[in-house]
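Asker: no sequence for this one, just the structure:
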C-alpha cells in the first residue's frame, strides 16, 4: 500500500488475547482529503489504510493472567505496548490518536469481578499515562464477544483481499467475499456471506448487517453470518479433553461421592509414544503419557464437538449452533491463527488445504516416537517450537481436522473421491474443486491478517462524510438479537448478577464497619494520644490526604459495583432460533457489536434524540451519531424514558 501525500491520522489497537497481547499501529489519510483526489474507482472504495509489518509488538502471557493482581495489569502488560506505539506515532499527534484495548476469549472466561478489576485498572492508568486519546473507557477498553471478533476478522480479511474496492451499490449481493475462520487458544469463530441468496432469505433473522462507507459517502451493506464458540479454541479444547479422560476412568463414574481419583496417570493417544507431561485437574496433579495412535486420537476428540447438542432449527454446525447451510463449492474460506500455525510450523502444509495431504502428515507425526521428533527439532525441522507446543501438536492437528470436517462439515478431499473412475453419477470436477474451499494463512498480499484491522476499517469508514442515504457505519446485529435487546434473563440466571452485587455489598459493609470501629477507637483514645504526641499527630495529618486519595480511587478496584461490562452486556438473553436449550442466551454481546447509537440513529424518527447528549461534544457533527456509547448509559436512558419511548425503543 502506497505512502500518502496528505496529512495522516493514526490509530492504535491492542489485541489482548488469551496467550498474549499484541499492539498494532495503523495510519490513514484524512477521508475528506481522499474524496477530493480519488479516482472514480477509489470513490467507490473504502478509504486506504496503511499497514507495516514493523508496526506491531507482542507481550506474553495474556491479560487474563493478571486476574489475581489486577493493579499490575497496565504497568506490567499494557504500558510496554503503548510505549512501543509511541515510537511510531508522531509526537504532535499522540494526544489525538485513539487507542483501543480489545480483550478476547481469555478475559471472557474470567469471573465478572476479576474482569472488571483489570479493566478498571487499565482505564485509570491509561488516563494517567496521558499519551493517547482516551475519551471513553467503556467504548475503548472492552472485552469484546466472539461474534464481534469474528466480524472484525471478516472485515480485515476482505479489506486486504480488495473486496471492498469499486463497490457498486446496484450490484448488491453479487460482490464477492471470502469467509473467515479463526481459532485461538480459548475460542473459535466463523464469519461468512452465504453465497446462496435463498439461504440468506431463509435465515435472515440470524444474519447481521455490516455497513461500511466508500470514499464518496455511499454505503456498502454486507449480510454476514457469524458465530463463536467459547471453550473450543485449541488450548481450551485440550483442557476439556484431559478432563474428559479423567472423568472417563471407571472409578470416577460410580454413583458415590467418594471419588478419590486414585488413578493419576492417563494414557493419551493424542501424544507421541515416549512422551509425557503433567497437568492439574480439580487441584490434583496428574501425569499423561503418550501412546501415539492417530485413529484413536481422532475418535476420542469427536465428543468434544458436542454434535449431539439439540438443534432447534436445522442445519446446525456443532454445539447446537444453527447456521445457514455452507456450500463449500462456492463459499470459500480463509483460516488464521491456529489453523495456520499448526499446519505451517509443524507440518509444512499451510496455504491451500487438502485433507489427504494434511491428514497423512498428521498421522505420520502422531505415530512417530517422541525421541525422533526431539532429534528432528534440533535440526530446525519445526521452526524452533518449544517442546510444550510440539507435545500438543498431534492433538491440535486432530482438533483442526475435527472442527473442519465434523464441525463445519467440509468435504474430505482425497478420501471422498469416487473409487470408480467410470462412475458417471459423481461430478469429479466439483469434488476436486472443494480442495480450494479452504486455505490457511497469516498474511494477505504481504500484510498480516489480524482481526484488529477490521476494527480500524470500521473506525475510518465512520469518518467519511455522509453521502447518499443508508444505514450508519457499524455492525447491526441480527433480527433475533435486536428483538431481544431488552434484558430477558433465562430462568435461574439472575443469580449471576445478584452474586456480583452481593460481593460488592459485602465488601462495602466490611469497609463501613472498619471505618466505624476506627472512628470509635479514635474518639476514645486517639485524640488524647495525639495531643501528647505531636510527632505522631503530624504524621497522621500527612497520611489523611493519601487515604482520601486512596478511597477516591475505590471505583477502579475490584470492589466496584459497576462492572465495565454492564448487566446488559453479560449476555443473558433469549435467542429463540439459534443454539440449543443449553446454549440459549449464553452468547455475550459487546458494545461494539450492538453499536447502539447507530441503531438509535437509524430509528431516530421513533423518538426524540434531544433526551440525551452525545458522548463527545468536540467531535464533528457527522461523527457524533456514529459514536457507540456504553450499554450502561443506554440502560439508564431506558429507565428514565417515558413509557411511550420505552415501547418505541423495544422495536429497534
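Answerer: Everything's here; your move. In this text, all values refer to a predicted model and were calculated from it rather than measured experimentally.

Asker: in the stretch 351-500 of the chain, what spans have low per-residue confidence?
Answerer: Within the stretch 351-500 of the chain, the stretches falling below the threshold (pLDDT under 70) are 413-436, 467-471, 480-500.

Asker: Which residue ranges of it form helices?
Answerer: With DSSP state H, counting those that start in this stretch applied, the stretch 351-500 of the chain shows helices at 355-366, 370-378, 387-401, 428-433, 452-461, 479-483, 494-521, listed in chain order.

Asker: which intervals of the stretch 101-250 of the chain have sub-threshold pLDDT?
Answerer: Low-confidence segments of the stretch 101-250 of the chain, defined by pLDDT under 70: 171-174.

Asker: quick one, what contacts the nearest residue to residue 76 once chain neighbours are set aside?
Answerer: Setting aside the residues directly before and after it, residue 76 is nearest to residue 66 in space (Cβ to Cβ, 6 or more residues apart in numbering), at 7.3 Å. Where C-beta positions appear, they are placed from N, C-alpha and C, glycine not excepted. The contact partners of residue 66, by Cβ atoms under 8 Å, 6 or more residues apart in numbering, come to 72-73, 76-77, 118.

Asker: Next one, pLDDT for residue 567 please.
Answerer: As predicted, residue 567 sits at a pLDDT of 28.

Asker: Could you do the one 5 residues further on as well?
Answerer: According to the predicted model, the pLDDT of residue 572 comes to 29.

Asker: Start the count at 21 instead of 1 going forward.
Answerer: With 21 as the first residue, the last one maps to residue 592.

Asker: Just the buried residues of the biggest strand by length in the chain, please?
Answerer: Taking DSSP state E as the assignment, the strand of the chain that covers the most residues is strand 239-250. By neighbour count, with 16 or more other Cβ atoms under 10 Å as the criterion, the buried positions of strand 239-250 are 239-240, 242-250.

Asker: about what we covered before: what's the separation between the residue nearest to residue 96 and residue 301?
Answerer: Separation of residue 86 from residue 301 (Cβ to Cβ, to the nearest Å): 24 Å.

Asker: now do residue 183
Answerer: On the measure of Cβ to Cβ, residue 183 and residue 301 end up 45 Å apart.

Asker: for residue 399, same thing?
Answerer: Note on residue 399: its distance to residue 301, by Cβ to Cβ, is 35 Å.

Asker: How about residue 203?
Answerer: Going from residue 203 to residue 301 by Cβ to Cβ gives 23 Å.

Asker: domains in the protein, as residue ranges please.
Answerer: Each domain of the chain is listed here as a residue range: 254-464, 514-571, per automatic domain parsing.

Asker: which SSE is the residue lying closest to residue 117 once chain neighbours are set aside in?
Answerer: The shortest distance from residue 117 to any residue other than its chain neighbours is 4.5 Å, reached at residue 30 (Cβ to Cβ, 6+ apart). Counting by DSSP states H and E, the element that carries residue 30 is strand 28-36.

Asker: helices or strands next to that strand in the packing?
Answerer: Using 3 or more Cβ pairs under 8 Å, 6 or more residues apart in numbering; DSSP states H and E, the elements in contact with strand 28-36 are strand 41-49, helix 99-106, strand 119-123, helix 472-481.

Asker: Looking at residue 203 and residue 301, which is more packed in?
Answerer: residue 203 (29 against 16; other Cβ atoms under 10 Å).

Asker: got a list of what that one touches?
Answerer: 209, 252-254, 355, 357-359, 420, 423.

Asker: what are the bridge partners for it, then?
Answerer: Applying DSSP bridges to residue 203 yields these beta-bridge partners: residue 208, residue 357.

Asker: re earlier: and the residue nearest to residue 117, how many neighbours?
Answerer: The tally of other residues near residue 30 (other Cβ under 10 Å) stands at 22.

Asker: Quick check: it touching residue 50?
Answerer: No - taking contacts as Cβ atoms under 8 Å, residue 30 lies outside contact range of residue 50: 11.6 Å.

Asker: shared neighbours, those two?
Answerer: With contacts taken as Cβ under 8 Å, 6+ apart, residue 30 and residue 50 have no neighbour in common.

Asker: List the contacts of the nearest residue to residue 428 once chain neighbours are set aside.
Answerer: When the adjacent residues along the chain are set aside, residue 428 lies closest to residue 337, with 6.1 Å between them (Cβ to Cβ, 6+ apart). Going by Cβ under 8 Å, 6+ apart, residue 337 touches 210, 247, 343, 427-429.

Asker: And the pLDDT for residue 337?
Answerer: The predicted structure lists residue 337 with a pLDDT of 92.

Asker: for residue 233, what are its contacts?
Answerer: Neighbour list for residue 233: 66, 239-240, 481-482, 484, 487, 493 [criterion: Cβ under 8 Å, 6+ apart].

Asker: So what pairs up with it in the strands?
Answerer: In this structure, residue 233 has the following beta-bridge partners (DSSP bridges): residue 239.

Asker: And for stretch 352-364, what's in contact with it?
Answerer: 173, 177, 198-205, 210, 212, 253-254, 369-371, 373, 378, 413, 416-417, 420, 456-462, 464, 469.

Asker: For ChimeraX, write the select line for the buried members of the residues you listed.
Answerer: To isolate in ChimeraX the members of these that are buried, counting by 16+ other Cβ under 10 Å, one can use:
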select :173,177,198,199,200,201,202,203,204,205,210,212,253,254,369,370,373,378,413,416,417,420,457,458,459,460,461,464,469
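
Asker: among the contacts of stretch 352-364, which are in strands?
Answerer: 199-203, 210, 212, 371, 458-460, 464.

Asker: Distance to residue 75 added to those residues, as JSON lines?
Answerer: What follows is the ones in strands among the contacts of stretch 352-364, written out as JSON lines (distance: Cβ to Cβ, whole Å):
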{"residue": "199", "distance to residue 75": "27"}
{"residue": "200", "distance to residue 75": "22"}
{"residue": "201", "distance to residue 75": "25"}
{"residue": "202", "distance to residue 75": "21"}
{"residue": "203", "distance to residue 75": "25"}
{"residue": "210", "distance to residue 75": "28"}
{"residue": "212", "distance to residue 75": "29"}
{"residue": "371", "distance to residue 75": "25"}
{"residue": "458", "distance to residue 75": "29"}
{"residue": "459", "distance to residue 75": "25"}
{"residue": "460", "distance to residue 75": "24"}
{"residue": "464", "distance to residue 75": "16"}
